[in-house]
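**Student:** Just need the structure, nothing else, for what follows:
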Amino acid sequence: MKSSDLRIGNIVAVCYEDVVTPDTVLLLEPGLVHLSKREYADSDRDIIGVPLKEKWLRKFKFKYNSHLGEWALNKIIIKKSESEKTNTWLIRSEKFKLEIAFVHQLQDILTY
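**Tutor:** The predicted model follows:
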């Protein structure tokens, strides 16, 4: 992932660990990403997205509507995608409609 695609505070992980361990971006430099739980910076080639799951939606205060099968926060609606892509979510508001798969993508939407 390019460091220019990230923002400080984004939740990401590194590709070389057996288990995806979420970590927070502290500092960005060209080609390097400094994460909160690491002593040294990682190459941006080693950074991967943390898959978006329901636990993250709850953490960001989304509320689930079981009748509609969707999550809502303010005027943002998110629903599990039925596309063939694994772990994708459809997200919409009055201003946009997108498909996302990772926590940092949701964070970017909530920031703006």
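**Student:** Trp23: neighbouring residues, count only.
**Tutor:** Let me fix one detail, which is that residue 23 is Asp and not Trp. 21 (other Cβ atoms under 10 Å). Quick note: C-beta positions are derived from backbone N, CA and C, even for glycine.
**Student:** mind checking how far it is from Ile109?
**Tutor:** For Asp23, the distance to Ile109 equals 20 Å [Cβ to Cβ, to the nearest Å].
**Student:** what pLDDT, on average, does the helix or strand hosting His104 get?
**Tutor:** Secondary structure assignment for His104, by DSSP states H and E: helix 103-111. Averaging pLDDT along helix 103-111 yields 93.
**Student:** For that helix, give me every contacting residue.
**Tutor:** The contact list for helix 103-111 (Cβ atoms under 8 Å, 6 or more residues apart in numbering) reads 6-7, 9-12, 22, 49-52, 56-57, 60, 73, 76, 78, 91, 98, 100.
**Student:** right, and Glu70 touches Lys79 too?
**Tutor:** Yes. Contact criterion Cβ atoms under 8 Å: Glu70 and Lys79 qualify, at 4.1 Å.
**Student:** The two - which one has more neighbours?
**Tutor:** Legend: neighbour count by other Cβ under 10 Å for Glu70 and Lys79, higher for Glu70 (18 against 15).
**Student:** Quick check: beta-bridge partners of the more buried one?
**Tutor:** Here Glu70 sits in beta bridges with Asn65, as judged by DSSP bridges.
**Student:** residues in contact with it?
**Tutor:** Taking Cβ under 8 Å, 6+ apart, one finds 64, 77-79 in contact with Glu70.
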